[in-house]
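J.: I'll drop the sequence and a predicted model, then ask my questions.
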Amino acid sequence: MKTNFSLLFYVKRPKNQQKKIVPVYVRITVSGQRSETTTGVNCDLDRWNPKTGRQIGSKEEVKIFNAYLDNLQSEIYKAHKNLSESSEEITAESIRCKWLGIEKEIHTVMEAVMLHNQNMEALIGNGYAIGTLKRFQVLERHVLAFLEKKYCTKDMNIKKINRPFINDFEFFLRTENKCSGNTAAKYLKNFGKILRITLASGWIDKDPMFGYKINMKPVERPFLSNEELNILARKKFSTERLSQVRDIFLFCCLTGLAYSDVEKLSLSNIQIGIDGSSWIYTNRTKTGVRSAVPLLPSAVVILDRYQDNAYCINKGRVLPVSSNQKMNEYLKEIAILCGIEKHLSSHIARHTFATTVTLLNGVPIESVSKMLGHTNIKTTQIYAKVLDIKVSADMALLKEKFSILQ
């Protein structure tokens, strides 16, 4: 590996010192970056030649002194050669450490990812949700697979990450792992977060993803219409499990609760609100933001249906919520039985609350954002963008007003 490497011996007079006997230092320079250290010897200023970096004279003591510096120079060049042959990173500091026999601490890519995930796992419930951790754990598996595929190794020095590494990793995600553009972008965003942490910790000197453009395409968020909600509500199922899943899904449609929030919902979360009716007061599992939602009559009917349910009584919950995997599996079955072609999932209920139940019925977006527990109203505005029906209804009033001009 070719590097712009140079070596210089020089003398340095300490401040406020008039003595002519001064210490000799060595400066190693690689690509403009310097590393300096003392040689352990002193020299008379009158005998020092700054051009040659040696003492002037033919006395035996001068020859011994210059031979000592020659030997140091040879050792430093040998350290540079050893680094080159081992394909290690060559910097002024790494050459100095190699020469002095100092073991420089090397941090690796997988070390950074795993340390981040371990710290996040310790903070579950205290700033992070389990779903966030799972996404970073998947990222950990993707990074390991990429290193094995591209570099035939299970780990590598984190300082070797550069722009080509990032480009190749994105290509790997989209080809080998069959990730969509948005999914690959999310993994890159999460990986960038880890790299910035290592930068702050001094593991790397610069952020290899600085200025890297991550493209996210807008995604249309599906939701159920009033007609589809009515079909679900009126459908009679032959099994209790499907009826329960349907009820829980409808309850989420009427309250905007995510799966993780409805799964832990207890009677203590149901309280009398400012208007004298029942409200749900809870902190969102994902963000910890407080959410307050007035219960609609249909939602109260669903809660009453399960007040004597054995599972709810034993677990202290208001609804018999099964695992998210089973919920989504049963919802697919329910969609087929109801003739709904949309891909039902526990999260589509939250979208339905934001659109069909609230925004389409004139509820101000600020109130919707508050009920959903969003930390930023811009997140809520994503739902408002898809409501062509609401735009049509709003413009109908304007059309009527300006009809007199015709």
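T.: Yes, it's here. Predicted model only: the values in this text are computed from it and were never measured.

J.: Skipping adjacent residues, who's closest to residue 358 in space?
T.: Residue nearest to residue 358 in three dimensions, not counting chain neighbours: residue 368, with 4.8 Å by C-beta to C-beta, 6 or more residues apart in numbering. For the C-beta atoms, the positions are set from N, CA and C on the backbone; glycine is no exception.

J.: Can you give me the domain boundaries for the protein?
T.: 5-100, 109-200, 226-396 (automatic domain parsing).

J.: between those domains, which gets nearest to residue 218?
T.: Of all the domains of the chain, domain 226-396 sits nearest to residue 218, with 8.3 Å by C-beta to C-beta.

J.: Compute the first-to-last residue distance for that closest one.
T.: Using C-alpha to C-alpha, to the nearest Å, one end of domain 226-396 lies 20 Å from the other.

J.: Now tabulate the domains of the chain in a markdown table and tack on mean neighbour count.
T.: Converted to a markdown table, these look like this (neighbours: other C-beta atoms under 10 Å):
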| stretch | mean neighbour count |
| --- | --- |
| domain 5-100 | 14 |
| domain 109-200 | 16 |
| domain 226-396 | 16 |
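
J.: Turn those domains into a markdown table, including mean pLDDT and distance to residue 220.
T.: Output for the domains of the chain, formatted as a markdown table (pLDDT from 0 to 100; distance: least, C-beta to C-beta, whole Å):
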| stretch | mean pLDDT | distance to residue 220 |
| --- | --- | --- |
| domain 5-100 | 88 | 46 |
| domain 109-200 | 91 | 12 |
| domain 226-396 | 85 | 6 |
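
J.: Now render these as TSV, adding distance to residue 215.
T.: As requested, the domains of the chain are exported to TSV (distance: least, C-beta to C-beta, whole Å):
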stretch	distance to residue 215
domain 5-100	31
domain 109-200	6
domain 226-396	17
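
J.: ranges for the helices of the stretch 201-350 of the chain?
T.: 226-234, 240-255, 259-263, 297-305, 310-315, 324-338, 346-352 (DSSP state H, counting those that start in this stretch).

J.: And those: which comes nearest residue 145?
T.: helix 324-338 (23.6 Å).

J.: In three-state terms, label residue 39 for me.
T.: strand (DSSP: H, G, I helix; E, B strand; the rest coil).

J.: I figured it hits residue 26, correct?
T.: Yes - Residue 39 lies in contact with residue 26 (C-beta atoms under 8 Å); the separation is 5.4 Å.

J.: do you know how far residue 35 is from residue 170?
T.: For residue 35, the distance to residue 170 equals 35 Å [C-beta to C-beta, to the nearest Å].

J.: Residue 263 too?
T.: 35 Å.

J.: Okay, residue 122 and residue 323: tell me how far apart.
T.: Taking C-beta to C-beta, one finds residue 122 at 24 Å from residue 323.

J.: these two touch, right, residue 11 and residue 23?
T.: Yes - at 7.0 Å, residue 11 and residue 23 qualify as touching, with contact defined as C-beta under 8 Å.

J.: what's the overlap in contacts for the two?
T.: Residues touching both residue 11 and residue 23 by C-beta atoms under 8 Å, 6 or more residues apart in numbering: residue 43.

J.: Give the closest residue to residue 96 in space, chain neighbours not counted.
T.: residue 35 (4.5 Å).

J.: didn't that neighbour look like it was pressed against residue 98?
T.: No - counting by C-beta under 8 Å, residue 35 stays clear of residue 98, with 11.0 Å between them.

J.: check contacts around residue 275.
T.: residue 294.

J.: oh, and call the first residue 40 from now on, that's how I've got it
T.: Yes, from this point I'll number from 40; that puts the last item at residue 314.

J.: Phi and psi next, for it.
T.: Note on residue 314: its backbone torsions stand at phi -90, psi 0 [degrees, to the nearest 10].

J.: could you measure it against residue 322, distance?
T.: Taking C-beta to C-beta, one finds residue 314 at 21 Å from residue 322.

J.: coming back round to it: quick one: common contacting residues for residue 78 and residue 65?
T.: 48, 111.

J.: what residues are up against residue 364?
T.: So residue 364 contacts nothing (C-beta under 8 Å, 6+ apart).

J.: Who are the contact partners of the closest residue to residue 201 other than its chain neighbours?
T.: Distance criterion C-beta to C-beta, 6+ apart; nearest residue to residue 201, sequence neighbours excluded, is residue 247 at 5.3 Å. Residues near residue 247 by C-beta under 8 Å, 6+ apart: 200-202, 204-205, 234.

J.: Mind doing that once more with 10 Å?
T.: Counting by C-beta atoms under 10 Å, 6 or more residues apart in numbering, residue 247 makes contact with 197-205, 231, 234, 238.

J.: Residue 282 reaches residue 344, doesn't it?
T.: Yes - Residue 282 is in contact with residue 344 according to C-beta atoms under 10 Å; the separation is 9.4 Å.

J.: how close does the nearest residue to residue 329 once chain neighbours are set aside sit to residue 390?
T.: In space, and not counting its chain neighbours, residue 329 is closest to residue 322: 5.5 Å by C-beta to C-beta, 6+ apart. According to C-beta to C-beta, residue 322 and residue 390 sit 21 Å apart.

J.: May I have the phi/psi pair for residue 401?
T.: phi 80, psi 10.

J.: Regarding residue 231, what is its secondary structure?
T.: Residue 231 - assigned by three-state DSSP - is helix.

J.: can I assume it is in contact with residue 209?
T.: No - the criterion here is C-beta under 10 Å, and residue 231 misses it with residue 209 at 11.3 Å.

J.: Find the residues that touch each one of these two.
T.: By C-beta under 10 Å, 6+ apart, the residues touching both residue 231 and residue 209 are 251, 253.

J.: For the residue at the greatest distance from the centre of the chain, give me its contacts.
T.: Using C-alpha atoms, centre = their mean, the residue of the chain lying farthest from its centre is residue 98. It sits 66.1 Å away. The contact partners of residue 98, by C-beta under 10 Å, 6+ apart, come to 86, 104.

J.: Please apply the same query to residue 417.
T.: residue 408.

J.: Just confirm it is within a helix.
T.: Yes - Residue 417: assigned to a helix according to three-state DSSP.

J.: Distance from whatever helix or strand residue 238 lives in to the middle of the chain?
T.: Per DSSP states H and E: residue 238 is located in helix 220-239. Here the centre of helix 220-239 is set off from its chain's centre by 5 Å, with C-alpha atoms, centre = their mean, to the nearest Å.
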